[in-house]
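Participant: return atomic coordinates for the entry below.
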Amino acid sequence: MPRPLLSALLACSLALSMAAQDKPAPVRLAPLRVSPAATLTQEIGISRIELSFSRPAVKGRKIWGGVVPFGEIWRAGANGATVITLSHAAKVAGKDVPAGSYAFFVIPGERTWTLILNKTAKQWGAYDYKKEEDLLRWEATPQAGPFLEYLDYRVLPLDTSTASIELGWEKVRVDFPVVFDTRAIYWAQLEDKLKQAPDTDWVPWYQAARYCQTQGIEPGKALAWIEKSLKIHEDFANQATAARIYRDAKRMPEALAHLQQAIDLSRGKAPKEDTDSLEKELKAWKTLQ
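Facilitator: Okay, here's the model as predicted:
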């Protein structure tokens, strides 16, 4: 290509680019949604449940057997299908479900409902729903409840492993359990973090030892890890954990010595109530000798 022509094309391209930059961005109003979107997140142990959904309103209408027909697939909300995301594998209604995001659908009935997790998480309504993409189906019995104008979801922690997910709208509620194997999940995290931990950081070794001590598991590993933590740095926190590990091993002289060191290190560094608590603990332990 002749150099003058190439220069002309480059100049034209630059001019068009500058003109595009000068053009203002389009002005658009945010949509006013009658069924507002919501996202609900709940931690269970170190796992997480997230629900993304839109909230339709009753508006004086007949909901069950009306707006939501019996025997037909329903998106369990408005607009896009409701999405449930699990950070770790879990049991949903007693069945194994891998970590991931799933569309949540419901087939309401007059007495029982069919609840569904579908592998195609992002769907608009139930228009493209395919039964062959279902990961899981199970039955649930709806219950009566106080009136709710807008559809609502709740995730209620029952303990460090279990939650109940509840859908409520109008005067109907339905719920189901989600159970994580929190001990296995936490242990996998523990082992992974210790592989990454440098020998100059006392905290992860202390945390791992404390977890074992509070859970009453792996006393040998707990002792090795707390001793490693203490060799790196002595703090009232790891000294107190060492004391409890030695107490659990019925090695009271060592337990008392570590607890006294924890008290000494806590003075002026920890809140006074923490020091007072350690001193009460030491006094109680001395009666066990």
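
Participant: drop to CA atoms for contacts and neighbour counts, all remaining ones
Facilitator: Noted.

Participant: which residues touch the nearest residue to Ser54 once chain neighbours are set aside?
Facilitator: Leaving aside its chain neighbours, Ser54 sits nearest to Ala37 (4.1 Å; criterion: C-alpha to C-alpha, 6 or more residues apart in numbering). Residues near Ala37 by C-alpha atoms under 8 Å, 6 or more residues apart in numbering: Ser52, Phe53, Ser54, Arg55.

Participant: and with 7 Å instead?
Facilitator: The neighbours of Ala37, taking C-alpha atoms under 7 Å, 6 or more residues apart in numbering as the test, are Phe53, Ser54, Arg55.

Participant: kindly report the same for Lys119.
Facilitator: Contact partners of Lys119, counting by C-alpha under 7 Å, 6+ apart, are Tyr102, Ala103, Glu133, Asp134, Leu135.

Participant: for the contacts of Ala37, which one is nearest Leu278?
Facilitator: Using C-alpha to C-alpha, Phe53 comes nearest to Leu278 of the contacts of Ala37, at 47.8 Å.

Participant: would you check that the closest one makes contact with Thr85?
Facilitator: No - counting by C-alpha atoms under 7 Å, Phe53 does not reach Thr85; the two are 11.6 Å apart.

Participant: more neighbours: which of these two?
Facilitator: Phe53 (26 against 18; other C-alpha atoms under 10 Å).

Participant: still on that earlier bit, quick one: which of the contacts of Lys119 has the most company?
Facilitator: Ala103 (28 neighbours).

Participant: run through the bridge partners of that residue.
Facilitator: Per DSSP bridges, the residues bridged to Ala103 are Val83, Asn118.

Participant: report the secondary structure state of the spatially most central residue of the chain.
Facilitator: The structure's the chain has its C-alpha centroid closest to Arg48; by C-alpha atoms, centre = their mean the separation is 1.3 Å. Three-state assignment for Arg48 (DSSP: H, G, I helix; E, B strand; the rest coil): strand.

Participant: thought it was touching Gln42?
Facilitator: Yes - counting by C-alpha under 7 Å, Gln42 is a contact partner of Arg48 at 5.7 Å.

Participant: list the residues that contact Lys228.
Facilitator: Neighbours of Lys228 in contact, by C-alpha under 7 Å, 6+ apart: Trp205.

Participant: for the helix or strand harbouring it, list the C-alpha coordinates in CSV.
Facilitator: Using DSSP states H and E, Lys228 falls within helix 219-232. The C-alpha trace of helix 219-232 is given here as CSV (Å, rounded to 0.1, in the frame of the first residue of the first chain):
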residue,chain,number,x,y,z
PRO,A,219,-4.9,-35.1,70.1
GLY,A,220,-1.5,-36.1,68.8
LYS,A,221,-1.6,-33.7,65.9
ALA,A,222,-3.0,-31.0,68.2
LEU,A,223,0.0,-31.4,70.5
ALA,A,224,2.6,-31.3,67.6
TRP,A,225,1.0,-28.3,66.1
ILE,A,226,0.8,-26.3,69.3
GLU,A,227,4.4,-27.1,70.1
LYS,A,228,5.4,-25.9,66.6
SER,A,229,3.4,-22.7,67.1
LEU,A,230,5.1,-22.0,70.5
LYS,A,231,8.5,-22.5,69.0
ILE,A,232,7.8,-19.8,66.4
